[in-house]
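1. Provided below for reference: sequence and predicted model.
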Amino acid sequence: MKYVVLLGDGMSDQPVGALEGKTPLQAAKTPNMDFMAKRGTLGLAHTVPQGYAPGSDVANLSMFGYNPVDCYTGRSPLEAASMGVSLGPDDVAFRLNLVHLEARGGKLIMEDYSAGHISSADGRELVEELQRQLGNEEFSFHPGVSYRHLMVWHGGRTQIKMTPPHDISGQSVTEHMPSGEGADKLIYLMNASQMIFHNHPQYKRRAAAGEVPANSIWLWGHGKAPAMDTFDARFGLSGAVISAVDLIKGIGVYAGLDIINVPGATGYLDTNFDGKAQAAIDALKTHDFVFVHVEAPDEASHSGKLADKIKAIELFDEKVVGAVLQGVKQFGDYRILCAPDHPTPIALMTHSSDPVPFVIYAGEEKEKAGVAGYDEIAAAATGLKVEPGYKLMEMLLQR
């Protein structure tokens, strides 16, 4: 038996006026997810435990079959694992976004949480400059992918309140600066980065090319290293993870899964959808389980770009879901779980804690009466709810 998780990050949404009251999932052309929904098990799952912020970290731990209540310590420690950065017992990891702030109306506004989806090469150049000028025995800076990077505070503090930058797009940053024990040191680093970036040759180069220059860092998502059982210890299966995002790969590292890096995987609309699908089929030749993550719908939602979100969903359905549906048949018995991790409503431009639609498909051919397709409304109409959401993995594996 082969098991596959196909995750379209942030696909789920709310009814949108511009779509005549439909959700993006309803409006998008998704024949492959609709095919599975009409023949498989369709329902809703609560992937974010009560009292937790609806982050991709918590939601994806649930999708991997881990209870966040038992193992979640923060987002950045998971990303650190993906980047090969080992954390000591007193180290605190922080997500470091490269952002673009804009002075407007006497306020400093979070204009772009991704600095124009800066390239990994440009991002690395800036983070390496931070390490040269600000790195020391207390703070170290580590380059990642695109705008997503890492800072480690050796012997750092954890009782700090911080805000994800994508939660405050278009808002003043003043009310959302770090607060709590040791926050003054983090604010100093954020302010110091602004002077470093402004004086860096890249700033003028990107501006002259009409690209959004990174002019500050934004720190958030902090935590210490978690303790997690491996996927094999929990479920007795070998597996692999395919994603462009360090968070997802980091969960895979802690779960003891093989990490497959696909050339051209970017985390946005220009990602290598075809390559991810082929990598999944190839991985199933030597593994029992594969987890395929596509970030593009979530990124489009955070940017408030409705057309891009619909396009991302359609590309996910065509190039990933459709290709895997065909390719997995060569292995005989198989089960596929398809779902988002959390909703990312276009109207909010950030995550919500609402349940997500899921479908588990095991090769059935006969349609079920009354199922319109794969979307939030059709899933709710089935009356099936999985809570807590980490139990979805047990449903997939029939445990």
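-> The structure has been received and is ready for your questions.

2. look up how far residue 326 lies from residue 314.
-> Applying CB to CB, to the nearest Å, the value for residue 314 to residue 326 is 17 Å. Glycine gets a C-beta too; all of them are placed from N, C-alpha and C.

3. ok, residue 366 touching residue 39?
-> Yes: if you go by CB atoms under 8 Å, residue 366 and residue 39 touch, sitting 6.6 Å apart.

4. picking up where we left off before, more neighbours: residue 314 and residue 326, which one.
-> Comparing residue 314 with residue 326 by neighbour count (other CB atoms under 10 Å), the higher total belongs to residue 314, at 17 against 12.

5. now the most centrally placed residue in the chain: how far from residue 111?
-> The centroid of the chain falls nearest to residue 56 when counting by CA atoms, centre = their mean (5.0 Å). According to CB to CB, residue 56 stands 22 Å off from residue 111.

6. so what's residue 390 up against?
-> Neighbouring residues of residue 390 by CB atoms under 8 Å, 6 or more residues apart in numbering: 47, 61, 62, 63, 64, 65, 66, 67, 68.

7. out of these, who's nearest residue 395?
-> Set against residue 395, the nearest of the contacts of residue 390 by CB to CB is residue 65 (9.9 Å).

8. the closest one: what's its closest spatial neighbour, skipping adjacent residues?
-> Nearest non-adjacent residue to residue 65, counting by CB to CB, 6 or more residues apart in numbering: residue 393, 2.9 Å away.

9. tell me, how many residues neighbour the residue found closest to residue 277 once you drop the neighbours it is linked to in the chain?
-> Leaving aside its sequence neighbours, residue 277 sits nearest to residue 323 (CB to CB, 6+ apart; 3.7 Å). Residues within reach of residue 323, counting by other CB under 10 Å, total 18.

10. my guess is residue 323 contacts residue 274. True?
-> Yes: using CB under 8 Å, residue 323 is in contact with residue 274, at 7.0 Å.

11. that older thread, tell me the contacts of the residue nearest to the centre of the chain?
-> Neighbouring residues of residue 56 by CB under 8 Å, 6+ apart: 9, 75, 245, 247, 298, 341, 342, 351.

12. can you pull the contacts of the first one?
-> It refers to residue 9. Counting by CB under 8 Å, 6+ apart, residue 9 touches 56, 245, 293, 294, 295, 296, 297, 298, 340, 341, 344.

13. same thing but at 7 Å, please
-> Residues near residue 9 by CB atoms under 7 Å, 6 or more residues apart in numbering: 56, 293, 294, 295, 297, 298, 340, 341.

14. so the third one touches residue 316, yeah?
-> What that stands for is residue 294. Yes: here residue 294 reaches residue 316: they are 5.1 Å apart, a contact under CB atoms under 7 Å.

15. what is in contact with these two at once?
-> Residues within reach of residue 294 and of residue 316 at once, by CB under 7 Å, 6+ apart, are residue 8.

16. higher neighbour count, the two?
-> Neighbours per residue (other CB under 10 Å) separate residue 294 from residue 316, with residue 294 holding more: 32 against 29.

17. returning to what we had before: SS state for the residue nearest to residue 277?
-> Following DSSP: H, G, I helix; E, B strand; the rest coil, we place residue 323 in the helix state.

18. tell me the buried residues within the contacts of residue 390.
-> Buried by 16 or more other CB atoms under 10 Å: 47, 61, 62, 63, 64, 65, 66, 68, out of the contacts of residue 390.

19. for the fifth one, which non-adjacent residue is spatially closest?
-> Residue nearest to residue 64 in three dimensions, not counting chain neighbours: residue 251, with 5.6 Å by CB to CB, 6+ apart.

20. check that neighbour and give its pLDDT.
-> We have a pLDDT of 97 for residue 251.

21. part of a strand, is it?
-> No: looking at residue 251 with three-state DSSP, it is helix, so not inside a strand.

22. the residue lying closest to residue 349 once chain neighbours are set aside and residue 168, how far apart?
-> In space, and not counting its chain neighbours, residue 349 is closest to residue 304: 4.9 Å by CB to CB, 6+ apart. Remark: distance between residue 304 and residue 168 (CB to CB) = 13 Å.

23. more neighbours: which of those two?
-> A count of neighbours by other CB under 10 Å puts residue 168 above the other of residue 304 and residue 168, at 18 against 14.

24. thinking the more buried one is in contact with residue 174, fair?
-> No: in terms of CB under 7 Å, residue 168 does not count as a neighbour of residue 174; the distance is 10.3 Å.

25. which phi and psi does residue 6 have?
-> The phi and psi values for residue 6, taken as degrees, to the nearest 10, are phi -110, psi 110.

26. once you drop chain neighbours, what's closest to it?
-> In this structure, residue 6 finds its nearest non-sequential neighbour in residue 338, 4.5 Å apart by CB to CB, 6+ apart.

27. confirm that that neighbour sits in a strand.
-> Yes: counting by three-state DSSP, residue 338 is found in a strand.
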